[in-house]
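Asks: take this sequence and fold it.
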Amino acid sequence: MLRHRIEAILGFPVEEWTPVQRGYTATKRYVARSGSRSAFLKIGTSPITAGMVNREIGVYRSLAAPFMPNFIGASADPAEPILVIEDLSSAEWPPPWSTRVLSDVLERINEMHRTASALEIRTLLYDERKAGWPTVARDPGPFLSTGLASREWLEKSLLTLIDAEESCQLNGSSVTHLDLRSDNICIQNGRVKFVDWAEAGTGNGAVDMGFFLPSLAFEGGPNPDEIMPSAPEIAALISGFFAARAGLPTIPDAPFVRRVQLQQLSTALPWAQRALKLPSVS
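Replies: A predicted model of the protein is given here:
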């Protein structure tokens, strides 16, 4: 049944299935081939991943842009949705971050943010705004378990971090991806494209850029404040997002997410410390 649904979307019988080992969730990913034709498939396998794939299908049906992969087709389903896009196996996937690649990616992000959004206002991330530094204040244990800062530092810095985070403007009219990391960025035939659109929506492009910068720094790129200087409220929001999550238990359907959040916190926290002139993180 699943194969029939996939081949109906593709319009050709599949001769070869190649599993793709990318991503941080239990979503199934394949490249399907028949002769010279190929496509990338993403299939939801659980309530969480099915919800993510269905949301991504909705984005592709609402928006087509040069910074997105070519949309081939989809089959929305509560239990086992299927998304089919162009095969990007031959694309260049950073890191490493050369000056050229980084410049092209930043310009592409800015182009995306200049695009008027036809998407709904994504509230999943923003509704969880309370799960930032205010959450750390209520229960500092998970954050302190990361070992990235001491209790003394937290006590001295917390009120400043909360005030700055609450001042961050979330609303906007830009297309925002909200999951920009190197594993979701590639260069195909000289053109930068972003993949994994499940969290996309309408919002503040500066916040979207802010979420990208800690992962860039972790992978050897410039520090966030070299690209986004004078943005203490964004540094507070981003660091708070990861501070409230990185030390939590593993997510069964996404077992690598906490590791990635910890990596991003390790560069977002010093960004907030510098931007807000807090005591040195210790």
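Asks: from here on, contacts and neighbour counts on C-alpha atoms
Replies: Will do.
Asks: point to the residue nearest the middle of the protein.
Replies: D179 (1.3 Å; C-alpha atoms, centre = their mean).
Asks: what about the closest residue to T135 other than its chain neighbours, how many residues close to it?
Replies: Leaving aside its chain neighbours, T135 sits nearest to A244 (6.2 Å; criterion: C-alpha to C-alpha, 6 or more residues apart in numbering). As a burial measure, A244 scores 24 neighbours (other C-alpha atoms under 10 Å).
Asks: what sits against A244?
Replies: With contact taken as C-alpha atoms under 8 Å, 6 or more residues apart in numbering, A244 is in contact with A131, G132, W133, T135, V136, P142, F143.
Asks: any chance of CSV for those, columns secondary structure, neighbour count and distance to G205?
Replies: CSV is the format used below for the contacts of A244 (DSSP: H, G, I helix; E, B strand; the rest coil; neighbours: other C-alpha atoms under 10 Å; distance: C-alpha to C-alpha, whole Å):
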residue, secondary structure, neighbour count, distance to G205
A131, coil, 18, 21
G132, coil, 23, 19
W133, helix, 31, 21
T135, helix, 19, 24
V136, helix, 22, 26
P142, helix, 16, 29
F143, helix, 27, 27
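Asks: lowest-confidence member of the residues you listed, which is it?
Replies: Of all the contacts of A244, A131 carries the smallest pLDDT score, 76.
Asks: for the stretch 51-200 of the chain, just list every one of the helices.
Replies: 99-114, 124-127, 133-138, 141-144, 151-166 (DSSP state H, counting those that start in this stretch).
Asks: how far away is the residue nearest to T135 from E86?
Replies: 36 Å (C-alpha to C-alpha, to the nearest Å).
Asks: for G205, same thing?
Replies: Taking C-alpha to C-alpha, one finds G205 at 26 Å from E86.
Asks: what of D179?
Replies: From D179 to E86 the distance is 20 Å (C-alpha to C-alpha).
Asks: now swap in S75 and tell me
Replies: S75 is 16 Å from E86, where distance means C-alpha to C-alpha.
Asks: so where do the strands sit in the stretch 151-282 of the chain?
Replies: Under the criterion DSSP state E, counting those that start in this stretch, strands of the stretch 151-282 of the chain are mapped to 174-176, 185-188, 191-194, 201-203.
Asks: so what's E226 up against?
Replies: E226 makes no contacts at all, as judged by C-alpha under 8 Å, 6+ apart.
Asks: pLDDT score for it?
Replies: For E226, the model assigns a pLDDT of 97.
Asks: now swap in T250 and tell me
Replies: T250 is given a pLDDT of 89.
Asks: and for the one 5 residues further on?
Replies: P255 is assigned 81 on the pLDDT scale.
Asks: how about the one 10 residues further on?
Replies: Confidence per residue is given as pLDDT, and for L265 that number is 98.
Asks: tell me how many other residues surround it.
Replies: 27.
Asks: quick check: the gap between it and L278.
Replies: Taking C-alpha to C-alpha, one finds L265 at 16 Å from L278.
Asks: now stretch 23-30, how far from the centre of its chain.
Replies: Relative to the centre of its chain, stretch 23-30 is centred 14 Å away, using C-alpha atoms, centre = their mean, to the nearest Å.
Asks: can you give me the buried ones in it?
Replies: T25, A26, T27, K28, R29, Y30 (16 or more other C-alpha atoms under 10 Å).
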